[in-house]
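Enquirer: Here you go, sequence then predicted model.
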Amino acid sequence: MKRKKTSSIKDFAMITLGLSLVAFGLEYFYIPHNIAAGGVSGMAIILGSFIKVIPIGIIILILNLIFFIIAFITIGGSFGAKTLYTSFGLSFIMWSIETFLKPDKLTDDLFINAAMGTFIIGIGMAMVFNYGASTGGTDILAKIMAKYFHTDIGKSLLLVDFIIGLSGLLTFGITAGFYALLCIVANGTLIDRLIDGFNTSKELMIISKKEEQIIEFIIKELDRSCTVLNGYGGYTSEDIDVLYVVLYRRDYIRLRSFIKEIDPNAFISVNEVHEVLGEGFIDIKL
């Protein structure tokens, strides 16, 4: 129970850090240059150009409230605590930046703003998604489209984002609009790559005459376990044990160094795994 509570605190801390990066990218790179790169933030940037008296953070809050009400009516209220936290947490962080820090342009170069904004927001969004949260907003619109028009959620979300990007083009002109559309594509690709990077682990198959020492090292030093598979050597015609283990990258490096020391003749096969679910890794229930 204590471990689960600690994990939950860590999740919300990392989600908050991710939201802070998203807010920073929006406030210092996208908003000053009217880059409406999809999502509820893109809608807020467009609306903010017409309603200048209301901060963008507050507009995002209002839009999220509207989307959640629509969702309750159309698809039910099955939203997790993390999704509610991210949806309203982002608004609060942006409001705080706008109120106390008074953000301004860091550079007038539109390309640098688009590139840096996409990079920072992509990292933040990947952190949010990686810890089991969603930002709500246009995700809700995509789910409604999927329900009533029988479209794939991913395609629906991309369509919603492109409509927002095109609206930005009509509102802010061709240059800002095209940059917004490019940012939508780049951001989606970047998030996918970053999530893969966060979750990457190493899958090892080990054949060694010192298997007992290796098993002991894995259990006692790395605090992991492994599976022993019974095999048969095609060349030696002898029964052999094959150790199967999945480790984080840092643990893999430690194990490789240990095996190098005790058995330089060991055989090690290594594969990269992009996602591992289960005890010791990502909770399979998420």
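Expert: Thanks, I have the structure now.
Enquirer: can you give me the helices in the protein?
Expert: Remark: helices assigned in the chain by DSSP state H are 2-25, 39-50, 56-74, 81-96, 110-130, 138-149, 153-172, 174-199, 211-220, 249-262.
Enquirer: got those as TSV, with mean pLDDT and mean neighbour count columns?
Expert: C-beta coordinates here come from the backbone N, C-alpha and C atoms, glycine included. Formatted as TSV, the helices of the chain follow (pLDDT from 0 to 100; neighbours: other CB atoms under 10 Å):
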stretch	mean pLDDT	mean neighbour count
helix 2-25	80	16
helix 39-50	92	23
helix 56-74	85	18
helix 81-96	86	20
helix 110-130	90	21
helix 138-149	73	18
helix 153-172	84	18
helix 174-199	84	18
helix 211-220	92	15
helix 249-262	88	14
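Enquirer: out of those, nearest to Ser269?
Expert: helix 249-262 (12.0 Å; CB to CB).
Enquirer: quick one: that closest one to chain centroid distance?
Expert: From the chain centre to the centre of helix 249-262 is a distance of 29 Å (CA atoms, centre = their mean, to the nearest Å).
Enquirer: Now do that helix: everything it contacts.
Expert: Outside of helix 249-262, the residues within contact range by CB atoms under 8 Å, 6 or more residues apart in numbering are 200-202, 204, 206, 208, 210, 213-214, 217-218, 221-222, 224, 245, 247, 266, 268, 270.
Enquirer: related to what we said a few turns ago, of all the helices of the chain, which one is nearest Asp239?
Expert: Among the helices of the chain, if distance is taken as CB to CB, the winner is helix 211-220, at 12.4 Å.
Enquirer: So which elements touch that closest one?
Expert: strand 239-248, helix 249-262 (3 or more CB pairs under 8 Å, 6 or more residues apart in numbering; DSSP states H and E).
Enquirer: average pLDDT for the first one?
Expert: The predicted model assigns strand 239-248 a mean pLDDT of 91.
Enquirer: That strand packs against which elements?
Expert: So strand 239-248, by 3+ CB pairs under 8 Å, 6+ apart, packs with strand 201-207, helix 211-220, strand 227-232.
Enquirer: Switch these over to CSV; also include distance to Met145.
Expert: Compiled in CSV, those are given as follows (distance: least, CB to CB, whole Å):
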stretch, distance to Met145
strand 201-207, 35
helix 211-220, 48
strand 227-232, 44
